[in-house]
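>>> sequence and predicted structure below; questions after.
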Amino acid sequence: MRYFTLAEAEALLPEIEKIYEAVSELAARAEAKGAAISKLEASGGDASQLAIERSQFQFLANSVHERLQDIVDLGAVPKGLAPALVDFPSRLGGREVYLCWKLGEKRIAFYHGVEEGFSGRQPLPRK
């Protein structure tokens, strides 16, 4: 497992923001496709059209997964879509922690232990 310094993690934020921008667009399209599928199912719509819609939905879902894998490939851990969260494995005071970032934050200012989640975020100590 790769451990990030604060500077290394923050250097990846612009790239991760672009990834989440694409994920957000794909997720919105998947949500709309899911609504169309539900509507077709409720109305007893054409089976072939329903199969096409389901296939397109699966393609969008796979695309979201692939884009999130891009974050994993960078060494970070995507933790959510709404809100978009990313953890960066790090060391702080001799223990393993995650530097914790939420989309919209300009810098990484929080961390949490490896057993804790977003609700356990604490401010990074000032140097």
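Received the coordinates, thanks. Keep in mind that what you see is a predicted model, and the values were worked out from it rather than measured.
>>> which regions of this structure sit below the pLDDT cut-off?
For the chain, the stretches flagged by pLDDT under 70 are 127.
>>> just give me the longest helix of it.
helix 6-42 (DSSP state H).
>>> just checking, what packs against that one?
helix 47-73, strand 77-81, strand 84-92, strand 95-102 (3 or more CB pairs under 8 Å, 6 or more residues apart in numbering; DSSP states H and E). Every residue, glycine included, has its C-beta placed from N, CA and C.
>>> minimum distance to residue 12: which of the ones you listed has it?
strand 84-92 (7.9 Å; CB to CB).
>>> and the angle for that closest one with strand 95-102?
150 degrees (axes from the mean of the first three to the mean of the last three CA atoms, to 10 degrees).
>>> got the CA coordinates for strand 84-92 in PDB?
Taking C-alpha atoms only, strand 84-92 is exported to PDB below (Å, rounded to 0.1, in the frame of the first residue of the first chain):
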ATOM      1  CA  ALA A  84     -17.900  12.600  -3.300                       C
ATOM      2  CA  LEU A  85     -15.200  11.400  -0.800                       C
ATOM      3  CA  VAL A  86     -11.700  10.200  -1.200                       C
ATOM      4  CA  ASP A  87      -9.300   8.800   1.400                       C
ATOM      5  CA  PHE A  88      -5.500   8.800   1.000                       C
ATOM      6  CA  PRO A  89      -3.500   6.300   3.000                       C
ATOM      7  CA  SER A  90      -1.000   8.100   5.100                       C
ATOM      8  CA  ARG A  91       1.000   8.000   8.400                       C
ATOM      9  CA  LEU A  92       0.500  10.500  11.200                       C
END
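>>> show me what counts as buried in that strand.
Going by neighbour count (16 or more other CB atoms under 10 Å), the buried part of strand 84-92 is 84-90.
>>> circling back: quick one, which of the helices and strands packed on helix 6-42 is nearest to residue 5?
Minimum separation from residue 5 across the helices and strands packed on helix 6-42 (CB to CB) falls at strand 84-92, 7.2 Å.
>>> in its sheet, what does that closest one sit against?
Using DSSP bridges, strand 84-92 pairs in its sheet with strand 77-81 (antiparallel), strand 95-102 (antiparallel).
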